[in-house]
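sequence plus predicted model, see below.
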Amino acid sequence: MAVMGDWNGKVGKKEGNGNGDVQGKYEIGERNDTGERIVELARTKGGEIVGSFFKKKPSRKWTWVSPDK
């Protein structure tokens, strides 16, 4: 099963929370509330957040920021 879409979630690092079960070690940024829900969904359904499992070049490490922040 694959779940895709723009959920406005940032699933980056969260202080003191090991997510090695669903998230790789190459995450960037900080997690927001929606990102926390995405991580919990992946954990309960046995999924993985695959974008964080692959090492990327520094020029490819970015997240989208809305014009109004």
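Thanks, I have it.

helices along the chain, start to end?
For the chain, applying DSSP state H gives helices covering 33-45.

so for it, the centremost residue is which one?
residue 11 (2.7 Å; CA atoms, centre = their mean).

so who does that one touch?
Residue 11 sits next to 23, 27, 31, 35, 38, 39, 49, 52 when contact means CB atoms under 8 Å, 6 or more residues apart in numbering. Placement of C-beta: from N, CA and C, glycine included.

and of these, the nearest to residue 62?
In terms of CB to CB, no member of the contacts of residue 11 lies closer to residue 62 than residue 27, at 12.8 Å.

the closest one is in contact with residue 14, isn't it?
No. Using CB atoms under 8 Å as the test, residue 27 is too far from residue 14 to be in contact (9.1 Å).

who's more crowded, the two?
Of the pair residue 27 and residue 14, residue 27 is the one with more neighbours under other CB atoms under 10 Å, namely 20 against 16.

with adjacent residues omitted, what lies nearest to the more buried one?
residue 52 (4.3 Å; CB to CB, 6 or more residues apart in numbering).

ok, that neighbour - contacts?
11, 23, 24, 25, 26, 27.

now it: how far from residue 9?
12 Å (CB to CB, to the nearest Å).

swap in residue 67?
For residue 67, the distance to residue 9 - CB to CB - is 19 Å.

these two: who's more crowded?
residue 9 (18 against 4).

quick check: that one vs residue 68, distance?
From residue 9 to residue 68 the distance is 18 Å (CB to CB).

got it, and residue 45?
In terms of CB to CB, residue 45 sits 33 Å off from residue 68.

which one of these two has more residues nearby?
residue 45 (11 against 4).

so where is the protein shaky, pLDDT-wise?
15-20, 63 (pLDDT under 70).

for residue 12, give me its contacts.
Residue 12 neighbours (CB under 8 Å, 6+ apart): 27, 28, 29, 30, 31, 35, 63.

please indicate which of those are buried?
27, 31, 35 (16 or more other CB atoms under 10 Å).

please consider this matter closed, and thank you.
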